[in-house]
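Asks: Structural data only, the sequence is not supplied:
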């Protein structure tokens, strides 16, 4: 494997770790901000205006985070990966995790203290690796300008999968937590983690529909993803994989060379699910498994069906 | 997970039978290339910290902590 490919693989994985960990930190922050705002505003301006104001502020916070992430990823996830600013962001994320954990230090046990020591070590290593980084040239991403070349398209797709998933997920999270969904649709704020996951998957669906890297297998990929996401809501659990298999094969019949595409897409998506769960487990922790799985499933599905 | 592994194994066997090459050639060289990249030690430390996180979860929750999603946080809601 060339040095460039190795750098690209680690850059994508580090970007996922930074983005998902920072998003989890932001959720804890949003929780504090919205709960505090709601408690303060209700007595003075009434329940409904308080809910709308809280929802607006937390959505703005979520979208600002995704915009900052878009600038960072637009700078680093390119054909010639420059991961040094990403390493700085990783260092900062590590220090934030450390600060939040130390603020709740009464809940820490022996292994958690050991974990914090390692977190401190990798934060410092990240800053050390990024030494001598050139100034960040802040450049807003232009979603309508797609880079040329298969590798660039794949990187572009991964970047947009992550950004759209986090954007939709965090907006859904803000609306749930600020009681907006409770007011509009009687969805209790306790359901906010589920609402976040649905938003996350909606963002992935948008990226599948909008990015050019999926063009050869868009229909079967979207059908397979939809069944995986929503099948469990209206089918018994055992029937979901069967229905997914049948619907992916049916949709693949619409593509050129259907049998080969069906085999490669199924193998890629299946391997992606396993790899995504393993990477989520090893790189993001307890909440990473559910987040990394759909991202890896889609990316490997597309990678496996790239024309040779 | 087990169902995924069985499904993947069957698909790979089918692919091998049809003459496709589902696995990258020279897997060892791939892994060596990844290990030599400058970000590899950072990612190894992140993995180690996550494994300690799982160990901490096991210490506090037992097997339940490893097999079930984390308990939802209490959230503020509207007054009835």
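Replies: Looks like it came in fine. These figures come from a predicted structure and were not determined experimentally. Numbers count the residues shown, from 1 in each chain, chains lettered A, B, ... in the order given.
Asks: all strands for chain B, in order.
Replies: For chain B, no strands turn up when DSSP state E is the criterion.
Asks: Next one: residue A:165 relative to residue A:62, how far apart?
Replies: According to C-beta to C-beta, to the nearest Å, residue A:165 and residue A:62 sit 12 Å apart. The way it works is simple: take the backbone N, C-alpha and C, and place the C-beta from them, glycine included.
Asks: between those two, who's got more neighbours?
Replies: residue A:165 (28 against 25; other C-beta atoms under 10 Å in any protein chain shown).
Asks: and the host helix or strand of that one with chain B, contact?
Replies: With secondary structure defined by DSSP states H and E, residue A:165 is part of helix A:150-177. Yes: counting by C-beta under 8 Å from any C-beta of the partner chain, chain B is contacted by helix A:150-177 at residue A:177.
Asks: average pLDDT across that helix?
Replies: Taken as a whole, helix A:150-177 has a mean pLDDT of 92.
Asks: from the chain's centre, how far out does that helix sit?
Replies: From the chain centre to the centre of helix A:150-177 is a distance of 6 Å (C-alpha atoms, centre = their mean, to the nearest Å).
Asks: can you check stretch A:119-126 too?
Replies: On C-alpha atoms, centre = their mean, the centre of stretch A:119-126 falls 23 Å from that of its chain.
Asks: and for it, what are the contacting residues?
Replies: A:87-88, A:90-95, A:97-98, A:101, B:41-42, B:45-46, B:49 (C-beta atoms under 8 Å, 6 or more residues apart in numbering or on different chains).
Asks: how far away is the residue of the stretch 151-300 of chain A found nearest chain B from residue A:30?
Replies: Residue nearest to chain B within the stretch 151-300 of chain A: residue A:189 (3.9 Å; C-beta to the nearest C-beta). Distance, residue A:189 to residue A:30, by C-beta to C-beta: 12 Å.
Asks: shared neighbours of these two, anything?
Replies: residue A:177.
Asks: and residue A:148, which of the three is it?
Replies: Of the three states, residue A:148 takes coil under DSSP: H, G, I helix; E, B strand; the rest coil.
Asks: name the helices or strands packed onto the helix holding residue A:165?
Replies: For helix A:150-177, the elements it packs on are helix A:3-45, helix A:47-76, helix A:192-210, helix A:288-304, judged by 3 or more C-beta pairs under 8 Å, 6 or more residues apart in numbering or on different chains; DSSP states H and E.
Asks: now the first one: how far from the chain's centre is it?
Replies: Between the mean C-alpha location of helix A:3-45 and the chain-wide mean there is a distance of 10 Å, by C-alpha atoms, centre = their mean.
Asks: quick one: is that helix near chain B?
Replies: Yes: Helix A:3-45 is in contact with chain B by C-beta under 8 Å from any C-beta, via A:3, A:5-7, A:9-11, A:13-14, A:17, A:31, A:34-35, A:38-39.
Asks: Quick one, which of those residues are buried?
Replies: A:6, A:7, A:9, A:10, A:11, A:13, A:14, A:17, A:31, A:34, A:35, A:38 (16 or more other C-beta atoms under 10 Å in any protein chain shown).
Asks: Verify the contact between the fifth one and residue A:81 for me.
Replies: Okay, so that is residue A:11. Yes: if you go by C-beta atoms under 8 Å, residue A:11 and residue A:81 touch, sitting 4.3 Å apart.
Asks: quick one: pLDDT of residue A:40?
Replies: Per the predicted model, pLDDT is 87 at residue A:40.
Asks: again with residue B:21
Replies: Here the pLDDT value assigned to residue B:21 is 67.
Asks: gap between the residue positioned nearest the centre of chain B and chain A?
Replies: Geometric centre of chain B, nearest residue: residue B:47, 10.2 Å, by C-alpha atoms, centre = their mean. Distance from residue B:47 to chain A, counting by C-beta to the nearest C-beta, to the nearest Å: 5 Å.
Asks: contacting residues around residue 5?
Replies: Just going to use chain A. By C-beta under 8 Å, 6+ apart, the residues touching residue A:5 are residue B:33.
Asks: Chain B, not that one
Replies: Residue B:5 is in contact with residue A:274, counting by C-beta under 8 Å, 6+ apart.
Asks: For chain A, what is the nearest residue in chain B?
Replies: Going by C-beta to the nearest C-beta, chain A is nearest to residue B:33 of chain B, at 3.1 Å.
Asks: got the contact list for that residue?
Replies: A:1, A:2, A:3, A:5, A:6.
Asks: and those as CSV, adding pLDDT?
Replies: Below are the contacts of residue B:33 laid out as CSV (pLDDT from 0 to 100):
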residue, pLDDT
A:1, 73
A:2, 81
A:3, 82
A:5, 86
A:6, 88
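Asks: For the longest helix along chain B, list every residue counted as buried.
Replies: As assigned by DSSP state H, the longest helix anywhere in chain B is helix B:40-61. Under the neighbour-count criterion of 16+ other C-beta under 10 Å, helix B:40-61 has B:42-43, B:45-57 buried.
Asks: give me the number of residues near residue A:36?
Replies: 12.
Asks: same deal with residue A:230?
Replies: Residue A:230 has 13 nearby residues by other C-beta under 10 Å.
Asks: Check residue A:207 too.
Replies: Around residue A:207 there are 23 residues (other C-beta under 10 Å).
Asks: The one 3 residues further on too?
Replies: Neighbours of residue A:210 under the rule other C-beta under 10 Å: 12.
Asks: per-residue confidence for it?
Replies: For residue A:210, the predicted pLDDT is 90.
Asks: With residue A:89 instead?
Replies: Residue A:89 is assigned a pLDDT of 94 by the prediction.
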